[in-house]
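A.B. asks: My questions are about this predicted structure, shown below with the sequence.
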Amino acid sequence: RVYSWNELNAAEFENFSSTKILLLLIMLLIVLVASVNISSALVMIVMERRKEIAILKSVGASSSGITTSFLAVGFGAGVGGVLLGIPLGLLVGVNINGLVSFTEKLVNICAKVVYLIGNGNAADFEAVRLLDPAYYLQNIPVTVPFGELLLIVIGTLLLSLLVSAIPAIKGGKEKPLDTLRKM
């Protein structure tokens, strides 16, 4: 009988799949935290700009126009995050093997210095392996799933628009008379 790679290495394949899911969940948490940050920043901007909003409304600006401007600010923050995050993530992802190798060399230099200071005998020093072939692959295989990447970009942009909605609507509903009386 001939066995396929999936049959022989089912445990490793399952480990890779669960690791991918875990990494996607971590990324989702990071995006959610960034979304909350966008929302809270917009709340602060609306609070700081109450006087300007009141003046704009008193000279005829519409609530929908003000709401749209704050939505644009929140969406712009999301676009900025995507424009910075996707290329940086791709850069790190594509070069992960070189980064792991560099980190391994750096860790070994530091560990050897500490070992020499403590023991003084370099012959006994054992190098640290970050990706030990006994447990992991020697290299991390990298593929860029552009379909998933597009889904992440669209989801992130929609989420930034969604979390911008509440502060933007509150900014659009500001009553100029009440705000100007408080000033």
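C.D. replies: Arrived safely. Numbering: from 1, shown residues only.
A.B. asks: neighbours of residue 31, just the number please.
C.D. replies: 19 (other C-beta atoms under 10 Å). C-beta: built from backbone N, CA, C; applies to glycine.
A.B. asks: Isn't it up against residue 159?
C.D. replies: Yes - with contact defined as C-beta atoms under 8 Å, residue 31 reaches residue 159; the gap is 6.5 Å.
A.B. asks: give me the low-pLDDT residue ranges for the chain?
C.D. replies: Within the chain, the ranges that satisfy pLDDT under 70 run 133-137.
A.B. asks: Would you enumerate the residues in contact with residue 36?
C.D. replies: Applying C-beta atoms under 8 Å, 6 or more residues apart in numbering, we find residue 36 in contact with residue 163.
A.B. asks: Check which helix or strand it maps to.
C.D. replies: helix 10-48 (DSSP states H and E).
A.B. asks: State the next helix or strand along the chain beyond that helix.
C.D. replies: Next element after helix 10-48 (DSSP H and E): helix 50-58.
A.B. asks: name the helices or strands packed onto that following helix?
C.D. replies: Other elements packing on helix 50-58 under the criterion 3 or more C-beta pairs under 8 Å, 6 or more residues apart in numbering; DSSP states H and E are helix 63-94, helix 176-182.
A.B. asks: can you rerun that using 7 Å?
C.D. replies: helix 176-182 (3 or more C-beta pairs under 7 Å, 6 or more residues apart in numbering; DSSP states H and E).
A.B. asks: tell me which strands and helices the helix it packs on is in contact with?
C.D. replies: Against helix 176-182 (3+ C-beta pairs under 7 Å, 6+ apart) you get helix 50-58.
A.B. asks: Could you export the helix it packs on as PDB, CA atoms only?
C.D. replies: Output of helix 50-58 as PDB, limited to C-alpha atoms (Å, rounded to 0.1, in the frame of the first residue of the first chain):
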ATOM      1  CA  ARG A  50     -18.100  70.800  18.800                       C
ATOM      2  CA  LYS A  51     -17.700  74.500  18.400                       C
ATOM      3  CA  GLU A  52     -16.600  74.200  14.700                       C
ATOM      4  CA  ILE A  53     -19.600  71.800  14.100                       C
ATOM      5  CA  ALA A  54     -22.000  74.300  15.700                       C
ATOM      6  CA  ILE A  55     -20.600  77.100  13.600                       C
ATOM      7  CA  LEU A  56     -20.800  75.000  10.400                       C
ATOM      8  CA  LYS A  57     -24.400  74.000  11.200                       C
ATOM      9  CA  SER A  58     -25.400  77.600  12.000                       C
END
